[in-house]
Every structure is written in C-alpha cells, then in structure tokens.
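Peer 1: predicted model, plus sequence, below.
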Amino acid sequence: EELREEREKSQLKDKELEVKDKELQVKDKELGKKDSIIENLVRSLLFSGKSKEEISMLTGISVSEIEKLC
C-alpha cells in the first residue's frame, strides 16, 4: 500500500515536471523571438544613422550589448 502511494506520488511529480518543461520550452521560444526583434530594431536604428549611444538611451540596452548585436 505504501509503496503504491509513493509510486503514484512519483508519477504525479513526473507529470508536473513534464508540464513545467513544456512551459519552459514555450518561454524559450518567445524569448528567442523577442531577441530577434531587438536585434532587428538595433540594426534598423544603426542603419538609420543613430549612434550606439543614442540607441542605448532609446532602448535601455547598454552600448556593449549593442556592439555584440552588430
């Protein structure tokens, strides 16, 4: 009886972990999309003639991060 209960608890935890893993995968995809949008925005601003410092002030992204995106 006790062993069966422990097994059921373990299976429930496994299912919870699977759900959390899927949620994290979705969030990772969303973050990847947002990163891509930010990169495109920074490139567009650079292309339009804005300086890295101006872009930093407009976006809140540090100049060093902007340089990594270029």
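Peer 2: Arrived safely. Numbers count the residues shown, from 1 in each chain.

Peer 1: then the lowest-mean-pLDDT helix or strand in the chain to PDB, C-alphas only?
Peer 2: In the chain, the helix or strand scored least confidently by mean pLDDT, DSSP states H and E is helix 63-69, which has a mean of 93. Output of helix 63-69 as PDB, limited to C-alpha atoms (Å, rounded to 0.1, in the frame of the first residue of the first chain):
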ATOM      1  CA  VAL A  63      26.400  50.100 -25.700                       C
ATOM      2  CA  SER A  64      28.400  46.900 -25.100                       C
ATOM      3  CA  GLU A  65      25.300  44.800 -25.700                       C
ATOM      4  CA  ILE A  66      24.500  46.900 -28.900                       C
ATOM      5  CA  GLU A  67      28.100  46.200 -30.100                       C
ATOM      6  CA  LYS A  68      27.500  42.500 -29.600                       C
ATOM      7  CA  LEU A  69      24.400  42.600 -31.700                       C
END
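
Peer 1: what comes up buried for it?
Peer 2: Buried residues in helix 63-69, counted by 16 or more other C-beta atoms under 10 Å: 66, 69. Where you see a C-beta, it was placed from the backbone N, CA and C, and this is true even at glycine.

Peer 1: how far away is the residue nearest to E67 when sequence neighbours are not counted from S62?
Peer 2: If the residues on either side of it in the chain are set aside, E67 comes closest to K52, at 6.7 Å by C-beta to C-beta, 6 or more residues apart in numbering. K52 sits at a distance of 9 Å from S62 (criterion: C-beta to C-beta, to the nearest Å).

Peer 1: the two - which one has more neighbours?
Peer 2: Between K52 and S62, counted using other C-beta atoms under 10 Å, K52 has the larger neighbour count: 19 against 11.

Peer 1: packing partners of the strand or helix carrying E16?
Peer 2: In the assignment (DSSP states H and E), E16 maps to helix 2-47. Judged by 3 or more C-beta pairs under 8 Å, 6 or more residues apart in numbering; DSSP states H and E, helix 2-47 is in contact with helix 52-59, helix 63-69.
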